[in-house]
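Visitor: Dropping the sequence and predicted coords here.
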Amino acid sequence: MSLVATITQRWRGMARRHSYSFFSSLGALMSHRVGTLMTILVLGIAMVLPLGLHLTLVNLDRMELQEEQWSALNVFMVQGTQEAAIRELVGEVELLDTVQRVEAISPAQGLAEFREAAGFAALDLLESNPLPWVLSVTPTPGDGLEARVEALSEALQGRESVARVEYDRKWLERLGRLLELGHAAVSVLVVLFSVAVVVVVANTIRLDVAARADEIEVLALVGAWPSFIRQPFLYSGFWYGLLGGVMAMILVNLGLEYLDRPLARFLASYGQTAPLVGLGLGQTLALLLVGAMLGLLGALVAVQRYMRELRVGGTLGRR
């Protein structure tokens, strides 16, 4: 037999063994559905917690709360500044990379808006309009927003025609700190619950190994390779992690579906619309892949320990 034929035959045999272990391990899980479902539910909940916080931050960013409501600057011009000078300043500010939009509010427009909002008829008795020109400057969104708003405020404040610049500094700082805390919490939760997934799968596989101790020792006595003995348990861990990812995806979508309508009504009261977004295709595939890898890692941790006991004393499951 040629070398190529020998290698081909070995690869075919290996593929058949892996294929058998891959599907037989899934069948073994389905043979005790209640226990498997409970384990998958625990894994899904562990995965959904950091995933839910991540999606919360994503949806907050989509609402553009920080850019539209808290980071806009109100630039009050010196009383009596000519409209030509205002338009010239608007053109200069619009050219800045840190500025997304500039809106000039004339004294007449400002007075009309104030009258409509406050309902003061006494304003009609004024001989002249006391309001100055006001520029509403919206900075470009992105990282480092707080620092860019501060730099933009200082640059505008230095203009001779600008009386003062105001923006809601405290809300902007609080929002920035809150988002930073949220992203840090996501990182911590990902690490903690990844460890939890590995531990849950490792404990489940440990019980499976202990239940099949006699079968494993017989296989070892007749000369089965350690990799052959490990295969079914590793694939069981793979399936646990993968199905846990599917459960997390289902729980996330159910949660978003439940929250979407109340949130829509809440935002509608503020004149906004921002439907919740869930997992995209890439995020879904990443979730399933990470879940499967964590399950595989947990199974490997459990099986390696018991394989070491088998090699040392041949008393697997009886210590």
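Guide: Yes, it's here.
Visitor: in the protein, which residue is closest to the centre?
Guide: Residue closest to the mean C-alpha point of the chain, counted by Cα atoms, centre = their mean, is His54 at 2.7 Å.
Visitor: Now the element after the helix or strand hosting Leu234, going C-ward?
Guide: Using DSSP states H and E, Leu234 maps to helix 226-268. Counting by DSSP H and E, the next helix or strand C-terminal to helix 226-268 is helix 281-313.
Visitor: what about the helices in the stretch 1-150 of the chain?
Guide: For the stretch 1-150 of the chain, the helices defined by DSSP state H, counting those that start in this stretch occupy 3-31, 33-62, 65, 83-94, 107-118, 145-157.
Visitor: Out of those helices, the one nearest Phe238 is which?
Guide: Nearest to Phe238 among the helices of the stretch 1-150 of the chain is helix 3-31 (7.8 Å), distances taken as Cβ to Cβ. Where C-beta positions appear, they are placed from N, C-alpha and C, glycine not excepted.
Visitor: which regions of the stretch 51-200 of the chain lie under the pLDDT threshold?
Guide: Confidence mapping of the stretch 51-200 of the chain against pLDDT under 70 gives the ranges 60-71, 111, 114-130, 142-144, 168-173, 175-176.
Visitor: Relative to Leu289, how far out is the residue nearest to the centre of the chain?
Guide: 16 Å (Cβ to Cβ, to the nearest Å).
Visitor: So Ala292 sits against Gly245, correct?
Guide: Yes - between Ala292 and Gly245 there is a contact under Cβ atoms under 8 Å: 6.8 Å.
Visitor: Which one's more surrounded, the two?
Guide: Gly245 (29 against 19; other Cβ atoms under 10 Å).
Visitor: these two touch, right, that one and Ala286?
Guide: No - at 9.3 Å, Gly245 does not count as touching Ala286 under the criterion of Cβ under 8 Å.
Visitor: hey, what's in contact with both of the two?
Guide: Counting by Cβ atoms under 8 Å, 6 or more residues apart in numbering, no residue touches both Gly245 and Ala286.
Visitor: rewinding a little: elements contacting the helix holding Leu234?
Guide: helix 3-31, helix 33-62, helix 169-211, helix 213-221, helix 281-313 (3 or more Cβ pairs under 8 Å, 6 or more residues apart in numbering; DSSP states H and E).
Visitor: Out of the ones you listed, which gets nearest to Gln109?
Guide: Within those, the stretch nearest Gln109 is helix 169-211; the backing value is 25.2 Å (Cβ to Cβ).
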